[in-house]
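Build me a structure from this.
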Amino acid sequence: MAIDSDNTIARFELARALKETGDTDGAIREYRAILRIRPDEVKQLKVLGFLLHRNLGQLLHLKGDLLAAVEEYRAASIILPDNASAHQLLAYVLEQTGDLPGAVAELREVLRLEPSDSLARQIADLSREASSSVGAPNAIISVPDNRTLNKEASSFFEHALQLAAGFKNLERRSHYLALVAGAQAAAGDVTQAFKTMARIQHTNLKARAARDIAIEQARSGDAQSARETIALLRGDDDGPW
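Residues are numbered from 1 along each chain as shown. This next block holds a predicted model:
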């Protein structure tokens, strides 16, 4: 069967252009259209299929549609199972949804593909959290559905920050603070989320917190602020940190 790849690639490039101009919804429509209209091409051109699902997952993730992002990242990881980035992205969004065992499983795949002592330590820490039924990080991840920052939530975050100060390991403390910052943004307190992010001393985890804040800004309808936060994430400005 002949593959009409020219048309598919053109639509793929259109989707990327729409993303670059800030038209996230338009880019999502184009990616989904390719997957719907050209399923045979997507199956045969594995790299294209991987990129379609991964890019679509990233856009859905940015919009805060975590469950849909999980589906796309998982599809990407199935197409190219030896691509560590797909498992890394899937682990990240699974952790955000509160599926810590799932996140650990994906991180173990990343470790198999790209051995790293720091990642091994991260997996060990996350495994301990997953095995704890009352772990504070799990409680933090459950916050995003509650957008009303009431006294109880404020007290919770204050306690969480006190716990973070007790971590002697820099990477562990930064990981925990990144979770808190994302949850604060999800609860509607972006200002406090930025303050928490400023306390993170691990570059990659600070970037992760910024990405979480941007997701929540976009989710709440503040696309302009989300774009500005992403610009900070990319290093286009010194930012509030």
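
Next up, the contacts around residue 122.
107, 171, 175 (Cβ atoms under 8 Å, 6 or more residues apart in numbering). In this view, the C-beta of every residue, glycine as well, is placed from N, C-alpha and C.

Apologies, that question was intended for residue 87.
77, 106-107, 109-110, 113.

got it, and residue 52?
Contacts of residue 52 by Cβ under 8 Å, 6+ apart are 12, 31, 34-35, 42.

returning to that earlier point: now neighbour count and distance to residue 86 too, for the contacts of residue 122, in CSV please.
Converted to CSV, the contacts of residue 122 look like this (neighbours: other Cβ atoms under 10 Å; distance: Cβ to Cβ, whole Å):
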residue, neighbour count, distance to residue 86
107, 23, 12
171, 16, 23
175, 24, 21
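
Which members of these are positioned in helices?
107, 171, 175 (DSSP state H).

just the helices in the protein please.
5-20, 24-37, 39-44, 46-63, 66-79, 84-97, 100-113, 117-131, 136-141, 151-165, 170-186, 190-198, 203-219, 223-233.

hmm, back to that, just name the closest of the contacts of residue 52 to residue 125, please.
Nearest to residue 125 among the contacts of residue 52: residue 31, at 34.2 Å, using Cβ to Cβ.

Could you list the low-confidence segments of the chain?
Filtered on pLDDT under 70, the chain yields the residue ranges 1-6, 131-157, 159-160, 163-164, 166-168, 172, 233-241.

Kindly recompute the last result at 50.
1-5, 133-150, 236-241 (pLDDT under 50).

Now do the domain split for it, please.
Residue ranges for the domains of the chain, per automatic domain parsing: 7-80, 84-131, 135-241.
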